[in-house]
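A.B. asks: Predicted model follows, preceded by the sequence.
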Amino acid sequence: AWEGGEGGLELPHWTIHRHTDAQGTTVVRAAPLRHAVPCIGYVIDESDVSGRIDAAKCTAMGLPPGRKYTYLKEGQSVQNDAGEWIHPEDVIGGSRPGRKLCLLGDTCDSIGIAKLALGADLLVHESTFADVKHEEALYKGHSTSTMAGEFAKMIKARNLLLTHFSNRYGTEKNHRETGGSAANFRNYKREKQGVKDENLAVLGDDDLDDDMALPESAPEDMKAAMQAELHTVEGLVREAAAAKGDSRVVAASDFFSFNITRREEFDDIDIAKGDRTSVFAGPSVLPQLEDVDEARRRINGGGSGYRIGAGDDPRSRGRGGGGGRGYSGGRVGSYEGRSSSQYGGGSRERGGDRGGDRGYISGN
């Protein structure tokens with residue numbers, strides 16, 4: 001499914017949703033991430049919107065609030081009661097930048113979605129491990145806090161939201177209550193969940209540390225390994241912020257929400273989004289709905305796992321994300337993509353995925 005490109009392999013991406021209404025156009029695109037199993041990342045683009053009308057200036061020009069304001073917003077010139085023409089450019093400010101959200105699943109290398117994600121107002125990125133466990137993160141197909149921060153810096157993301165923390169990382173408050181011991185912290189979490197030692201075997205993957213399997217060999221740096229066990233979520237945020245180069249990094253938690261307000265003027269991050277005209281200019285793309293029983297009959301009859309719609313290429317069947325594939329990143333904007341040896345590595349993983357955090361665009 002990969003195609004050759006200058007400086008490395010050009011990874012595929014897909015437009016999975018495009019819809020236009022009175023508020024503008026929203027487009028959702030997807031691209032593969034590197035993980036032990038196929039994983040996908042998503043970029044949600046919102047088109048720019050017209051500027052705000054200056055009601056005070058309109059009134060001063062003899063045009064009080066009313067229906068003609070709508071005509072002005074639509075780009076039409078209007079006349080006041082004295083017959084004088086008022087043009088949109090006289091009373092309407094410049095366009096306001098549309099927002100962009102990048103939401104990633106499990107990943108140890110996100111170069112495949114980097115070009116789509118440039119200038120994201122919010123990047124949601126996993127941070128399973130602290131930087132000291134870089135090699136373990138690659139081995140299990142996950143990211144460290146530093147890797148998340150570096151990717152945010154690479155795509156010029158405005159805000160970074162960290163998710164998917166290993167169960168070993170508690171908050172600083174938790175560690176104060178447990179004396180800073182990793183073992184005590186695990187017992188503390190079990191007590192909070194009402195789990196007794198004899199019931200430990202029935203816990204699901206989400207309730208267990210993802211690294212409870214014995215390592216293949218002893219850590220080379222025992223001191224560093226001990227420090228990693230005492231790390232906190234706040235520490236992961238600090239590491240990511242140091243790699244990103246600013247303090248716009250937060251950690252997600254249960255029932256967490258993050259409001260992305262619409263900006264009134266373009267800045268360097270908005271400019272990094274590039275020319276998105278072609279992104280919004282394409283045809284409408286909406287999900288196809290299929291009855292469950294109909295899908296089951298079709299698949300049992302030898303059909304593919306999804307329905308081929310009008311205009312789809314049947315040759316694309318079976319092509320999917322890039323779990324477990326090694327690849328190098330090419331140029332992303334002015335950034336020379338790092339090779340997969342930096343962000344990727346061996347692909348083995350145990351334990352379940354955790355998180356469940358949802359990113360979304362809200363605000364006016």
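C.D. replies: Right, received. Where do you want to start?

A.B. asks: where along this protein do the strands fall?
C.D. replies: Per DSSP state E, the chain has strands spanning 3-5, 8-10, 14-21, 24-33, 39-46, 78-79, 85-86, 100-103, 122-126, 159-163, 249-251, 331-332, 335-336. These are given in chain order.

A.B. asks: export the fourth one as CSV, just CAs?
C.D. replies: What follows is strand 24-33 as a C-alpha-only set of coordinates in CSV (Å, rounded to 0.1, in the frame of the first residue of the first chain):
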residue,chain,number,x,y,z
GLY,A,24,-18.6,26.0,6.7
THR,A,25,-16.9,22.8,5.7
THR,A,26,-15.5,20.1,8.0
VAL,A,27,-13.2,17.4,6.7
VAL,A,28,-11.9,14.3,8.5
ARG,A,29,-8.8,12.6,7.2
ALA,A,30,-7.0,9.5,8.4
ALA,A,31,-3.5,8.1,8.1
PRO,A,32,-1.7,5.0,9.6
LEU,A,33,0.4,5.1,12.7
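
A.B. asks: who's in contact with that strand?
C.D. replies: 11-20, 38-49, 98, 104-107, 109-110, 112-113, 116, 279-280, 282, 320-323 (C-beta atoms under 8 Å, 6 or more residues apart in numbering). The C-beta positions use only the backbone N, C-alpha and C, and glycine is treated the same way.

A.B. asks: Could I get the contacting residues of residue 23?
C.D. replies: For residue 23, the set of contacting residues under the criterion of C-beta under 8 Å, 6+ apart consists of residue 49.

A.B. asks: And residue 72, by the same measure?
C.D. replies: Contact analysis of residue 72 by C-beta under 8 Å, 6+ apart lists 53, 58, 78, 86, 88, 91, 92.

A.B. asks: so how many other residues sit close to the residue lying closest to the second one once chain neighbours are set aside?
C.D. replies: What that stands for is residue 58. The shortest distance from residue 58 to any residue that is not its chain neighbour, by C-beta to C-beta, 6 or more residues apart in numbering, is 5.1 Å, and that residue is residue 91. Summarising burial for residue 91: neighbours were counted as other C-beta atoms under 10 Å, giving 23.

A.B. asks: ok, residue 91 to residue 266 distance?
C.D. replies: Taking C-beta to C-beta, to the nearest Å as the measure, residue 91 falls 20 Å from residue 266.

A.B. asks: Over to residue 120?
C.D. replies: Residue 120 sits at a distance of 15 Å from residue 266 (criterion: C-beta to C-beta).

A.B. asks: Settle it for me: which of those two has more neighbours?
C.D. replies: Counted by other C-beta under 10 Å, residue 120 and residue 266 do not tie: residue 120 has more neighbours, with 28 against 14.

A.B. asks: From what I see, the more buried one and residue 154 are in contact.
C.D. replies: No - if you go by C-beta atoms under 8 Å, residue 120 and residue 154 don't touch, sitting 10.9 Å apart.

A.B. asks: who's in contact with stretch 115-122?
C.D. replies: 13, 29, 31, 41, 43, 99-102, 110, 123, 155-161, 258, 260, 269-274, 332-333, 359, 361.

A.B. asks: what stretches of the chain score poorly on pLDDT?
C.D. replies: Low-confidence segments of the chain, defined by pLDDT under 70, are located at 1-10, 170-219, 222-230, 287-288, 303-364.
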